[in-house]
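Asks: Here is my input; please provide its structure:
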Amino acid sequence: MLTTLNGSNISSDEGIVDRVSRRRQEAEGRRQEAGGRRQEVGGRRQEVGGRRQEAEGRRQKAGGRRQEAEGRRQEAVPMKNFFHHHA
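Replies: Next up, the predicted model:
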């Protein structure tokens, strides 16, 4: 006979079931641990992805500066045309 934490006696058959369920829980625990590690790896991937986005952001900033420069050029062009037409 085995005694549970409650102090009630259970038959040996139930004890075996208990042991099996405990083993299953342990296995599930290990699986969850492995899952946790996978999530960690996923987190690292996201970090790397974040860095990529940062780099893209910098590129966009550079692109914005280029557009600014192009805008200035366009501003300058109509003035030249204006002087040519009214010379």
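
Asks: Please report how far Glu56 lies from Glu26.
Replies: Look at Glu56 and Glu26: by C-beta to C-beta, to the nearest Å, they are 45 Å apart. The way it works is simple: take the backbone N, C-alpha and C, and place the C-beta from them, glycine included.

Asks: And for Arg52?
Replies: 40 Å.

Asks: Also Ala62?
Replies: Distance from Ala62 to Glu26, by C-beta to C-beta: 55 Å.

Asks: repeat for Asp18
Replies: Separation of Asp18 from Glu26 (C-beta to C-beta) stands at 13 Å.

Asks: Neighbour count: these two, which is higher?
Replies: Set Asp18 next to Glu26 and count neighbours by other C-beta atoms under 10 Å: Asp18 wins out with 13 against 10.

Asks: Can you give me the pLDDT of that one?
Replies: Here, the pLDDT recorded for Asp18 equals 75.

Asks: and it, what element?
Replies: Following DSSP states H and E, one finds Asp18 within helix 12-85.
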